[in-house]
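**Q** Quick one, fold the following:
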Amino acid sequence: MKKIGLIYFGDMQRLTKNWVALIIIGGLVCLPSLYAWFNIKASWDPYGQTSGIAIAVTNEDRGATLRDKPVNIGDEVVASLQKNAQMGWSFVDRTKALDGVNHGDYYAAITIPADFSDKIATVLTDNPQKAEILYDVNEKINAISPKITSKGASGITEEITRNFIKTANGAIFQLFNEVGVELENELPTIEKVKDVVFKLEAAFPEINGAVGTAAKDIAAANELIGKVQARIPEVAKIAEEGKQLTQGVSQYIDKGTEAVEAIAPNIKQDLLLLQQAAIYTEQLTGMLLGSDFDPNKAKASLDAASRRLATAVDVTDKTIALFEKLNALTSGNRLSPAIARLQSVKDRFQRQLTVVNKLQDALAKGEKPAEELVNELNRLSKETSGELGDIINRYDSEILPAVLQGLTAAKKSLATAQSVLAEAGSSMPDVKRIADDAAKGIAVGSKEFEAIRQELPAVEAKITQLADRFRAFETEGDIKQIIDLLKNNFEKESEFFAEPVLLKENKLFPIPNYGSGMSPFFSTLSLWVGALLLVSLLTVEVHDHAAGFRSYHIYFGRFFTFLTLSLLQSLLVTTGDIYLLGTYVAEKLPFVLFGLFIGSVFMLIVYTLVSVFGNVGKALAIVLLVLQLAGSGGTFPIQVTPPFFQAIHPFLPFTYAISMMREAVGGILWDIVVRDMIMLAVFAGIALVIGLALKKVINRASASFVSKAKESGLIH
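**A** Numbering: from 1, shown residues only. Take a look at the predicted model:
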């Protein structure tokens, strides 16, 4: 230890006495900090400055007419973009846009074609067509800008789709709402007519009993006949009100039929979109099993498939709910088979989503998706696509006609009820005549009573027939339930279908800006660069009084000098990150201490390589630096890098150094920190073993080689 201390303290003494060396050493201590600080500051908030990315927008949409109303969706898109400051939108013609993209004036160009609104309007026809937005991008200008501009273009299409769904569904649900309100307004009249008819029907046994005993008690019969005469005007009024009621309900059925015919293309379009989701998932399985399997593309495709399947499950569920509502409007449960098949489709979509989640988990672990899972996903996708195809094929020929036939049958029943009421109204004069005759018969005596008694069953039959009609109508459905179903808030229903799923984000370890998130990588990198600078400008050998020193004396004695300078570098880098740049660090003291520990390990590794292998060791340290830049996962996730870098990732010091610094920045989980410290200690131990075991042997073996290299005058 005495000789090791002699070397170290001798270095410190010589350093303080030589002002030139002191200046050079000061520069070596500061340079790594500048390297880290400039890089962190340059990447502070790149995604918050996208307003400077120029994107050309060209609107060639000539507009269209939708239900006798002019629409121009292209103009609406341009108006919304003019209020959007997320990108540098420039509104120019197509020629200038393409020329600007080619020459780098714009990063990308978005063109809304002339037939854009025309194709959107085809949604109400038998042959709906999807509208297109043209997107041109210059990928040679910058590697990242195409990703940002693509997000802007996809955002436009998503906004258009969301607004279209909201508007279309809003019109349909508004019509249902209006029908429900009108029917609710007529509900008191409907209930009143029904109650009076049922009361009159219930009173006939009493009337018949009175007539049966009329011969014995003419006075009582006369009183009962008086009651009948008093109710006849009310019955006539009931018949007239019932006739008006059936006309109102018939109009409700007509409006319901129109609503169903209006919504039919949208239902079919939803079924087609669900089938496309199943086909997309089936195509995805081919890519997952292909020989050109790409984890990056697979992850992106699985993410897209997961979103589509989640939306498909929700849309299928809402379609089932809508079919159940339509089924309630008809008799005979005509849509029950279609509802059962849609439920089967929903179950298959859910099972596909479960399989996709398992495949995502496998990719996240760096594993290739299991073939049995992919085959299961393929089978489910084919079954779902086939089931939906059969439903779509039967939609126009079976499902829609079933709904319309049910409504037609209901309308026919109402027409019959209207006929009965009209007949009842026309019979009221006869009923009145019979009652009057009965009163006269009672007045003249029992001799005429028998004739009146024979006429009374005809009146009872008419009232019973009318009551039976009302009961038959009630068995076809509860009118209050139908009204509640139709009176749903059409605006909320429309907004729900426009955006049925919301993403709720929960940040576990929030970091406020990109620069702070990159500080672990750049700080770690600067410490390795600092170690390289030290071994490049300072010698690792002891030339003065070297005769009395052994190899391990020189190794440790000079290492402590390098370690001191490395600790100063680490202290300046970490404290400068926090207090000079204002980098966000959740745990400041551990951040500084981790930096000191990492700097010590890096210095030991680089110093050992140069101390043992000389200039070759410097080259090895640079090679390690290059490998660690790509293989440590400091910038991009290691899972998106080529297999070679994923393979060496666990064996690189940067991997654990960056991980440790990230814990201090975002929030510490000590089990991760302990793992990282153990791994860095292992690297340090390997460096010590190499330094102590091989320094003397390799230095002696390479002495003549080094001497010959120096004779060239080019290598020191």
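
**Q** pretty sure residue 669 contacts residue 662?
**A** No. Applying CB atoms under 8 Å as the test, residue 669 and residue 662 come out as separate, 10.3 Å apart. Yep, even glycine has a C-beta here, placed from its N, CA and C like the rest.

**Q** more neighbours, the two?
**A** For residue 669 and residue 662, the more surrounded residue by other CB atoms under 10 Å is residue 662, and the numbers stand at 22 against 11.

**Q** Now name the helix or strand holding the more buried one.
**A** Using DSSP states H and E, residue 662 falls within helix 653-666.

**Q** same thing with residue 333?
**A** Assigned by DSSP H and E, residue 333 falls within no helix or strand.

**Q** In space, what's closest to it - neighbours in sequence excluded?
**A** residue 327 (6.1 Å; CB to CB, 6 or more residues apart in numbering).

**Q** That neighbour touches residue 340, doesn't it?
**A** No. Under the criterion of CB under 8 Å, residue 327 makes no contact with residue 340, lying 11.2 Å away.

**Q** which secondary structure elements does the helix holding residue 662 contact?
**A** If contacts are counted by 3 or more CB pairs under 8 Å, 6 or more residues apart in numbering; DSSP states H and E, helix 653-666 sits against helix 514-537, helix 588-613, helix 615-631, helix 670-701.

**Q** Dump those to JSON lines, plus distance to residue 466 and mean pLDDT.
**A** As requested, the helices and strands packed on helix 653-666 are exported to JSON lines (distance: least, CB to CB, whole Å; pLDDT from 0 to 100):
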{"stretch": "helix 514-537", "distance to residue 466": "78", "mean pLDDT": "87"}
{"stretch": "helix 588-613", "distance to residue 466": "88", "mean pLDDT": "92"}
{"stretch": "helix 615-631", "distance to residue 466": "88", "mean pLDDT": "87"}
{"stretch": "helix 670-701", "distance to residue 466": "82", "mean pLDDT": "86"}
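
**Q** Residue 581 contacts residue 515, doesn't it?
**A** Yes. Between residue 581 and residue 515 there is a contact at 7.4 Å, judged by CB under 8 Å.

**Q** returning to that earlier point: what's the angle between the helix holding residue 662 and helix 670-701?
**A** Helix 653-666 runs at 150 degrees relative to helix 670-701, counting by axes from the mean of the first three to the mean of the last three CA atoms, to 10 degrees.

**Q** what angle sits between helix 653-666 and helix 514-537?
**A** Using the same axes, to 10 degrees: helix 653-666 against helix 514-537 is 140 degrees.

**Q** What residues sit buried inside helix 653-666?
**A** Of all the residues in helix 653-666, those buried under the rule 16 or more other CB atoms under 10 Å are 653-666.

**Q** go on, stretch 133-142?
**A** For stretch 133-142, a neighbour-count test (16+ other CB under 10 Å) marks 133, 135, 136, 137, 138 as buried.

**Q** Let's see which of those residues end up in strands.
**A** In strands, judged by DSSP state E, the following of the buried residues of stretch 133-142 are found: 135, 136, 137.

**Q** ok, those residues vs residue 58, which is closest?
**A** Distance ranking of those against residue 58, using CB to CB, places residue 136 first at 9.9 Å.

**Q** For the closest one, give the beta-bridge partners.
**A** Counting by DSSP bridges, residue 136 forms beta bridges with residue 109.

**Q** tell me the contacts of it?
**A** Counting by CB atoms under 8 Å, 6 or more residues apart in numbering, residue 136 makes contact with 97, 98, 101, 108, 109, 111.

**Q** And the residues you listed, which is closest to residue 19?
**A** Nearest member of those to residue 19, counting by CB to CB, is residue 108, at 56.6 Å.

**Q** I figured that closest one was touching residue 133, is that so?
**A** No. The criterion here is CB under 8 Å, and residue 108 misses it with residue 133 at 11.8 Å.

**Q** Brilliant, that's me finished.
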